[in-house]
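Asker: fold the following and give me the result.
(one chain, ligands or ions: 1)
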Amino acid sequence: MKIAVVRETAPGETRVAATPETVKKFIGLGAEVAVEAGSGESASVSDADYKAAGASVSPRAKTLDGADLILCIDGPDADGLKGAKPGAILVGALDPFRRREKIDGYASAGLEALAMEWMPRITRAQSMDVLSSQSNLGGYKAVVDAAAAYGRAFPMMMTAAGTVSPAKVFVMGVGVAGLQAIATARRLGAQVSATDVRSATKEQIQSVGAKPIFVENVAGIEGEGAGGYATEMSEEYQKAQAHLVSGHIAKQDIVITTALIPGRPAPKLISDAQVATMRPGSVIVDMAADAGGNVEGTVPGDRITKHGVTIIGAANLARTLPADASALFARNLYNFLSAFWDKEQGRVVLPDDDEIVKGVRLTQDGKVVNERLTAAS
Ligand code: NAD
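Answerer: Numbering: from 1, shown residues only. Down below sits the predicted model:
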């Protein structure tokens, strides 16, 4: 089986879908690995490192020539993948809902496209979950960026010149990114509080040393919620939550928002009037910026100041940590593909009835086959 690793071309992309570590592991399974020249440059991996791991390094056409499997981060256009074998598997973060025309292109080109973001949230697939691995790094980076933009210190400092009080950090949305944001803010010495709609997160917030701030009078989502996902909340809940936020946010220096609802725009959690109650110099990092934002006025990929408060519209923060983000993404890909490796045939075999395969497979035999896409069209 020939595995091709393509150089990313999407604007702002810094990551690479394979590292020397995963190249070696794929070769260990019996695969041949070809890497497009320059693929790892922005993630601090040189062509020589790939060669030392046993890969061949060449321009794109030669890399793709006869490939059975193509690894990528962002899905390239099908036109850019010519030369691979008919029916070749393309696997990466293909963003199926927002890049539908690309998915149709893969079907027409006869590629079997697999979207890693649609990995089911089941225990068996945890080590294959790119959303978790990248959100975890994003949660860390959101706090680091907030600290850099904040004109005060995070930890309490008792100095000869007087005491510096600790920063108060509020994390809204305690999934993978939010939990890492809490942990990072705590490591920097901040006083941290956090909220979510899923009741199971209360204990998780406490376990990482933060204070849970929850809507008490209206029921939220019981336990973890289906698959760990939130749904849109009732109007009554939203009102109670807005009231809770109004009472809490004016006392906060840093707010990190991460709240997402699958397949829907991000819930609006902070209004302009609430931003205006924060003290000048405060910082908000809106990690949901790409999904419409949790904060009124957020500009994705940009930093604005409103009422003296800096609002950072954080877009794809994992890209700002290319070496670690690539290492984790590449391991997710390896964990996934090696789980379906048939030793006798020396290739990946994807059974139609497997829950993981059903979740990630978008196209096959010239058609779009994933129910989430066929139902949407
Ligand atoms: P996510 O990115 O979908 O959402 C982020 C957080 O925002 C969630 O905790 C959600 O409840 C919260 N949220 C949504 N609406 C909100 C609102 N109005 N107000 C406040 N918060 C709101 O979530 P995620 O980080 O991908 O993961 C969520 C859960 O799923 C976690 O418990 C995680 O451990 C679990 N998970 C499990 C697996 C697995 O088992 N393979 C994989 C990934 C995640």
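
Asker: what packs against the longest helix along the chain?
Answerer: Longest helix of the chain, by residue count under DSSP state H: helix 130-149. Using 3 or more C-beta pairs under 8 Å, 6 or more residues apart in numbering; DSSP states H and E, the elements in contact with helix 130-149 are helix 176-187, strand 254-257, strand 283-286, strand 309-313, helix 322-339. For the C-beta atoms, the positions are set from N, CA and C on the backbone; glycine is no exception.

Asker: list the buried ones in the longest one?
Answerer: For helix 322-339, a neighbour-count test (16 or more other C-beta atoms under 10 Å) marks 322-338 as buried.

Asker: report the angle between that helix and helix 130-149.
Answerer: Going by axes from the mean of the first three to the mean of the last three C-alpha atoms, to 10 degrees, helix 322-339 is angled at 170 degrees with respect to helix 130-149.

Asker: cool, the first one as well?
Answerer: Helix 176-187 runs at 40 degrees relative to helix 130-149, counting by the same axes, to 10 degrees.

Asker: partners of the helix or strand just after helix 176-187, with directions?
Answerer: Downstream of helix 176-187, the first helix or strand assigned by DSSP states H and E is strand 191-195. The pairing partners recorded for strand 191-195 under DSSP bridges are strand 168-172 (parallel), strand 211-212 (parallel).

Asker: among those strands, which is nearest residue 197?
Answerer: Smallest distance to residue 197 across those (C-beta to C-beta): 10.0 Å, for strand 168-172.

Asker: got the buried residues for the closest one?
Answerer: Using 16+ other C-beta under 10 Å as the test for burial, strand 168-172 gives 168, 169, 170, 171, 172.

Asker: that strand near the ligand at all?
Answerer: Yes: residues of strand 168-172 contacting the ligand under C-beta under 6 Å from any ligand atom: residue 172.

Asker: how much space between the residue lying closest to residue 225 once chain neighbours are set aside and the ligand?
Answerer: Of all residues not flanking residue 225 in the chain, residue 198 sits nearest, at 4.5 Å (C-beta to C-beta, 6 or more residues apart in numbering). To the ligand, residue 198 is 4 Å away according to C-beta to the nearest ligand atom, to the nearest Å.

Asker: residue 198 and residue 224 touch, don't they?
Answerer: Yes: with contact defined as C-beta atoms under 8 Å, residue 198 counts as touching residue 224 (6.1 Å).

Asker: make a markdown table from the strands paired with strand 191-195 and add distance to residue 75 and mean pLDDT to it.
Answerer: Converted to a markdown table, these look like this (distance: least, C-beta to C-beta, whole Å; pLDDT from 0 to 100):
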| stretch | distance to residue 75 | mean pLDDT |
| --- | --- | --- |
| strand 168-172 | 31 | 98 |
| strand 211-212 | 39 | 98 |
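
Asker: can you lay out those as CSV showing distance to residue 32?
Answerer: Formatted as CSV, these follow (distance: least, C-beta to C-beta, whole Å):
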stretch, distance to residue 32
strand 168-172, 45
strand 211-212, 51
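
Asker: buried set for the longest helix of the chain?
Answerer: Neighbour counts over helix 130-149 (16+ other C-beta under 10 Å) mark 130-147, 149 as buried.

Asker: who's in contact with residue 83?
Answerer: Contact analysis of residue 83 by C-beta atoms under 8 Å, 6 or more residues apart in numbering lists 61, 64, 65, 66, 67.

Asker: quick check: closest non-adjacent residue to it.
Answerer: Spatial nearest neighbour of residue 83, excluding adjacent residues (C-beta to C-beta, 6+ apart): residue 64 at 4.0 Å.

Asker: what's the local residue count around residue 224?
Answerer: Residue 224 is flanked by 14 other residues according to other C-beta atoms under 10 Å.

Asker: which of the strands paired with strand 191-195 sits closest to residue 231?
Answerer: Judging the strands paired with strand 191-195 by C-beta to C-beta, what sits closest to residue 231 is strand 168-172, at 16.5 Å.

Asker: contacts for that closest one, please.
Answerer: The contact list for strand 168-172 (C-beta under 8 Å, 6+ apart) reads 143, 146, 154, 178, 181-182, 185, 190-196, 210, 213, 245, 248-249, 251-259, 269-270, 294.

Asker: how about 6 Å then?
Answerer: The contact list for strand 168-172 (C-beta atoms under 6 Å, 6 or more residues apart in numbering) reads 178, 181-182, 185, 190-195, 252-257, 259, 269.

Asker: out of the strands paired with strand 191-195, which is closest to residue 76?
Answerer: strand 168-172 (34.8 Å).

Asker: relative to residue 189, how far out is residue 154?
Answerer: As defined by C-beta to C-beta, to the nearest Å, residue 154 lies at a distance of 5 Å from residue 189.

Asker: who has more neighbours, these two?
Answerer: residue 154 (24 against 15).

Asker: isn't there a strand covering the more buried one?
Answerer: No: read with DSSP: H, G, I helix; E, B strand; the rest coil, residue 154 is coil and lies in no strand.

Asker: need the pLDDT of the residue of the chain positioned farthest from its centre.
Answerer: In the chain, the residue that sits farthest from the middle, by C-alpha atoms, centre = their mean, is residue 160; the gap is 43.2 Å. Predicted confidence (pLDDT) for residue 160: 97.
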